[in-house]
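Visitor: Dropping the sequence and predicted coords here.
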Amino acid sequence: MTSIKSKFASVRRNVDDADDYDTLMQNDKTTYSSNDATRTTNTSLDVTLKSILKSMKYILVTLPPPFNKHRRENKLIFLMASTVLLLLLIRNLTLHSTKILHPFQSPKKSDFKLAFDESLGFFDDIPSHIWMQKKQRVKDQPKHNDEQLGLRSKYMNRNHPSAWYQHNWDAEFTCPHERKIGGVSDGSKWTCDPHRLKHEDGTNKDAQTNKKECLVYSFGRGSPNTRTFDFAFEIDLLHLLGGAESCEIHFFDHRLDSFGGKAPDGVILHAWGLEGVVDAPMSRRNFMTLKETVHHLGHEGKELELMRVDCEGCEWSTFREWLQSGITVRQIMVTLHGSPKNEDDIFETLEANNYVIFHREADVRYGGMWQEYGFIRLAKEFFDRK
């Protein structure tokens, strides 16, 4: 009790005599005692305490008079109680600052480099430890349900597509901001982080050539049961990216020669469908291979940001050519119709060329016989193959 009274007396003298609280901090280097444990004020907190005490002085001056006559004594009690509470708060913050601040600290730019490099420049904000988790997940996830169905289960249910897809090639990679482009229309597709197609300045043009860098191919109208063409995917994508000038989108369908409508702004229509080299002997004039298409449009050596394929079965005779036609494709969104004999080849071929599955969804309208898949290409270093 004597110690507390002497402390009050000391503070009272300082408040009365000091011109400002700088003097108070200089003189107030006392030691507090409680339960035989002595703690000295941490000098590293002097600057903070000085600011706190100045703020408290302002508060005390502006406070209304207390109800009793001992105004000065009430101020001292308030000052001492507040100081002790603030000291305890600051001490706890100092001791636990790492744990408290860590969840809110932004990783350094260098921490994004691994994801940036191994995604070929697509992901620029994923910390390394999160990226390593994604790598491990892809590595660990089985491609086939051999555990329950036995060895080489990929050869089971070949004549039952919905059952086959249930046990083979599930999604293995997650995109932080995957989004369905095209709403709920037949032609819509789940797309991996489409906002990343825009640059930081909000444009999609090369600074030197002023030409669009965003290039998209879209094959098939999306709905075999109607005579109308579904441009919902293309329209929604352009809207997301900033309008008709934000991306160069090419739409292909062999039935467009009978289309009497107007093409949506920013969408270039081509009246031919996609076929494989194996189909060339059919000599169909309203079909082209992907290589012919790329050459005709002058896109050799370019990169497609997105390739949407919903061509009612042509995927089985063309998928190898997606990788051998003079262009590289970052994302492939494809509807797989049924499960022909080479159903496993398409997945193994894409995996061997560094694609991962970020989306898989059964089309319930057809009992799961049709499946929506999304693939994205990563760097070979992502897979740690030996």
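Guide: Happy to help now that I have it.

Visitor: need the contact list for Val277.
Guide: Each residue near Val277 by Cβ atoms under 8 Å, 6 or more residues apart in numbering is listed here: Thr289, Glu321. For glycine as for every other residue, the C-beta is placed from the backbone atoms N, C-alpha and C.

Visitor: From Leu215, how far out is it?
Guide: 23 Å (Cβ to Cβ, to the nearest Å).

Visitor: ok, now Lys302?
Guide: 6 Å.

Visitor: So for the two, which residue has more residues nearby?
Guide: Leu215 (23 against 15; other Cβ atoms under 10 Å).

Visitor: and that one, bridged to which residues?
Guide: Assessed by DSSP bridges, Leu215 has beta-bridge partners Glu248.

Visitor: residues contacting it?
Guide: By Cβ under 8 Å, 6+ apart, the residues touching Leu215 are Cys247, Glu248, His250, His299, Lys302, Glu303, Leu304, Glu305.

Visitor: Averaged pLDDT, the strand or helix carrying Val84. What do you get?
Guide: Per DSSP states H and E: Val84 is located in helix 71-95. On average, the pLDDT along helix 71-95 is 73.

Visitor: what secondary structure does the residue nearest to Gln141 when sequence neighbours are not counted sit in?
Guide: Nearest residue to Gln141, sequence neighbours excluded (Cβ to Cβ, 6 or more residues apart in numbering): Glu172, at 4.6 Å. Here Glu172 is coil, with the state taken from DSSP: H, G, I helix; E, B strand; the rest coil.

Visitor: Return the set of residues that bridge with the residue lying closest to Thr191 once chain neighbours are set aside.
Guide: Distance criterion Cβ to Cβ, 6+ apart; nearest residue to Thr191, sequence neighbours excluded, is Ile181 at 4.9 Å. For Ile181, the beta-bridge partners are Lys189 (DSSP bridges).

Visitor: low-confidence ranges in the protein?
Guide: Residue ranges of the chain with pLDDT under 70: 1-75, 92, 94-109, 199-212, 222-227, 340, 343, 386.

Visitor: still on that earlier bit, for the residue nearest to Thr191, what are its contacts?
Guide: So Ile181 contacts Ser188, Lys189, Trp190, Thr191, Pro194, Phe233, Asp236, Leu237, Leu240 (Cβ under 8 Å, 6+ apart).

Visitor: I'd like the distance between it and Ala171.
Guide: 17 Å.

Visitor: before we move on, what about Asp257?
Guide: Counting by Cβ to Cβ, the gap from Asp257 to Ala171 is 37 Å.

Visitor: quick one: Val278 and Ser317 touch, right?
Guide: Yes. In terms of Cβ atoms under 8 Å, Val278 counts as a neighbour of Ser317; the distance is 5.3 Å.
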